[in-house]
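Q: Compute the structure for the input listed below.
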Amino acid sequence: MITGVIGPSDEEIEHLIKKCFIDSVYEKASLKFYSGFYGEAQVVLVICGVGKVNACIATQVLIDILEVTHIILTGAAGALGDSLKHGDVVISTEVAHHDLPQEILTEYHPWMKSIFIEADTAMVNECIRIAGEDQDHGNIYAGKMISGEEFIASSEKRKRLDSFGAMCVDMESASIAQTCYVNHIPFVVIRSISDHADEESVESFETHVESVSLNALCLVEKLLVSLHKPLI
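A: Got it, this is the predicted structure:
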């Protein structure tokens, strides 16, 4: 098993990269892929850049060239519900694009049954199990996520997303989910809340992104340990 771990920016994943034993760095598509180990877990980590296209490029390289078997996306997200607070962590159950007409994905390639792509059940359930044992790094929830090529920074735009029933919004998760879907690669997204997708979101994101990302990374680290436990 080789797990790919993706973060959109330095602030969202660099802490984990520094904790890993990196034995090689592979450069492709203007990206650096850090291969090594987190404890017993064999990992490849990458800072993919912001946005769905960047995320898709990084994911396909991980799958085609670096032969990862599982993918975890981590980072920050904007809350779509008033109940979520800064630092709360959301585990993806399903992920969808909020800026594509439904028929683009259901009537054309990849001919999906729904706009929502399900995260790997085993990975989600393991995250939930781990979360039940440790609430020291923010409250942890499981639910839907949505993504689009736009940073949501107004209450009016946020309200337009209500129909998706999602807990949070970002700019990468859906493209990584879709890339994993067509390649039959198990995935899960673990995000922490940095803002509330409103008029204060830009300042809030810039202020909180690094600190809240540590909460998501804490769960990522524990998931890596669990996924790579040696068989007895």
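Q: low pLDDT regions in this structure?
A: Across the chain, the ranges flagged by pLDDT under 70 are 134-137, 230-232.
Q: all helices of it, in order?
A: 10-19, 52-64, 102-106, 121-133, 155-159, 173-183, 201-227 (DSSP state H).
Q: Out of those, which is the most enclosed?
A: Mean neighbour count (mean count of other C-beta atoms under 10 Å) peaks for helix 173-183 among the helices of the chain, with a mean of 23. Every residue, glycine included, has its C-beta placed from N, CA and C.
Q: Give me the residues contacting that one.
A: 6, 52-53, 55-56, 59-60, 63, 71, 73, 92, 95-98, 105, 110, 112, 117, 119, 145-148, 185-187, 189, 191 (C-beta atoms under 8 Å, 6 or more residues apart in numbering).
Q: Distance from the chain centre to it, please.
A: Here the centre of helix 173-183 is set off from its chain's centre by 11 Å, with C-alpha atoms, centre = their mean, to the nearest Å.
Q: re earlier: mind checking the helices of the chain for the one nearest to Gln42?
A: helix 201-227 (9.5 Å; C-beta to C-beta).
Q: Kindly calculate the angle that that closest one makes with helix 10-19.
A: 30 degrees (axes from the mean of the first three to the mean of the last three C-alpha atoms, to 10 degrees).
Q: Leu224 versus the closest residue to Val225 other than its chain neighbours, what's the distance?
A: Closest residue to Val225 apart from its sequence neighbours, by C-beta to C-beta, 6 or more residues apart in numbering: Gly39 at 5.9 Å. According to C-beta to C-beta, to the nearest Å, Gly39 stands 7 Å off from Leu224.
Q: Also Glu206?
A: Distance, Glu206 to Leu224, using C-beta to C-beta: 28 Å.
Q: what do you get for Arg160?
A: From Arg160 over to Leu224 the distance is 36 Å, taken as C-beta to C-beta.
Q: same deal with Thr3?
A: 6 Å.
Q: Need the residues touching each of those two.
A: Ala41, Val43, Ile72.
Q: Mind checking which of those are in strands?
A: Taking DSSP state E, the ones among those that sit in strands are Ala41, Val43, Ile72.
Q: number of nearby residues for the first one?
A: When you say that, I think you mean Ala41. Counted with other C-beta atoms under 10 Å, residues neighbouring Ala41 total 20.
Q: who are the neighbours in contact with it?
A: For Ala41, the contact set (C-beta under 8 Å, 6+ apart) comprises Thr3, Leu224, Val225, Leu227, His228.
Q: Which residues does the closest residue to Thr93 other than its chain neighbours form beta bridges with?
A: Leaving out its chain neighbours, the residue that sits closest to Thr93 by C-beta to C-beta, 6+ apart is Ala142, at 5.3 Å. Taking DSSP bridges as the rule, Ala142 bridges to Ile91.
Q: if we can go back for a sec, for Val95, see how far away the residue nearest to Val225 is.
A: In this view, Gly39 and Val95 are 28 Å apart by C-beta to C-beta.
Q: neighbour-wise, which of those two wins?
A: Set Gly39 next to Val95 and count neighbours by other C-beta under 10 Å: Val95 wins out with 29 against 14.
Q: Who does that one form a beta bridge with?
A: The bridge-partner assignment for Val95, based on DSSP bridges, gives Ile117, Met145.
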